[in-house]
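**Student:** have a look at this prediction, sequence included:
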Amino acid sequence: MSSLEKAMSNRQTTATSAVERTSNVTAAFAMLAVVQSTLIFTIALIMIPLPKIAEELALSASQVLLLQVAYGLPFSGLLLFGGGLTDRYGARPMFVVGLATFGAASAVAALAPSYNALMAMRFFQGDRGRDRRSPPRSAWSAPCSLT
């Protein structure tokens with residue numbers, strides 16, 4: 001193989017590596033966009049029944065506000081912690097456990113007889129929602145690695 005052929009081969013390898021890196025970064029951003037969109041949707045979803053809930057449970061303005069953010073706080077606050085759990089136990093088991101417990105928390109929240117029960121289940125939904133969406137920590141660093 002001549003030196004010209006070697007140089008061309010090295011350039012092709014470098015170009016392929018750059019394309020792979022770009023597609024990995026694009027995939028990482030797409031994953032983050034889906035997670036963020038789902039979070040916003042889930043937080044906003046309670047806005048539809050909230051006036052009726054506030055009326056039935058005789059909630060104050062501060063209780064209504066806390067009920068609105070009760071899902072997003074544990075979800076966003078514990079997302080990286082969930083990534084560590086996903087690294088330790090695997091993505092599939094964490095997803096299955098998160099999905100099952102999120103469903104149970106949703107059913108209990110729908111039937112909540114009091115503000116305290118509803119609030120606890122909203123926080124629990126956020127925590128369990130985190131388990132359904134937590135990518136492994138390695139997924140955060142690997143796609144963006146420039147080495």
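**Tutor:** That came through fine. Residues are numbered from 1 along each chain as shown.
**Student:** could you list the low-pLDDT ranges of the chain?
**Tutor:** 1-22, 35, 132-147 (pLDDT under 70).
**Student:** what about residue 99, which SS state?
**Tutor:** Counting by DSSP: H, G, I helix; E, B strand; the rest coil, the backbone at residue 99 sits in helix.
**Student:** from residue 127, how far out is it?
**Tutor:** The gap separating residue 99 from residue 127 is 13 Å, by C-beta to C-beta, to the nearest Å. C-beta: built from backbone N, CA, C; applies to glycine.
**Student:** what's the distance between residue 79 and residue 114?
**Tutor:** For residue 79, the distance to residue 114 - C-beta to C-beta - is 29 Å.
**Student:** neighbour count winner among the two?
**Tutor:** More neighbours surround residue 79 than the other of residue 79 and residue 114, with 17 against 9 (other C-beta atoms under 10 Å).
**Student:** skipping adjacent residues, who's closest to that one in space?
**Tutor:** residue 130 (5.4 Å; C-beta to C-beta, 6 or more residues apart in numbering).
**Student:** isn't the one you found right up against residue 74?
**Tutor:** Yes - with contacts counted by C-beta atoms under 8 Å, residue 130 reaches residue 74, the gap being 6.8 Å.
**Student:** the more surrounded of those two?
**Tutor:** Neighbour comparison, residue 130 and residue 74: the larger count goes to residue 130, with 25 against 20 (by other C-beta under 10 Å).
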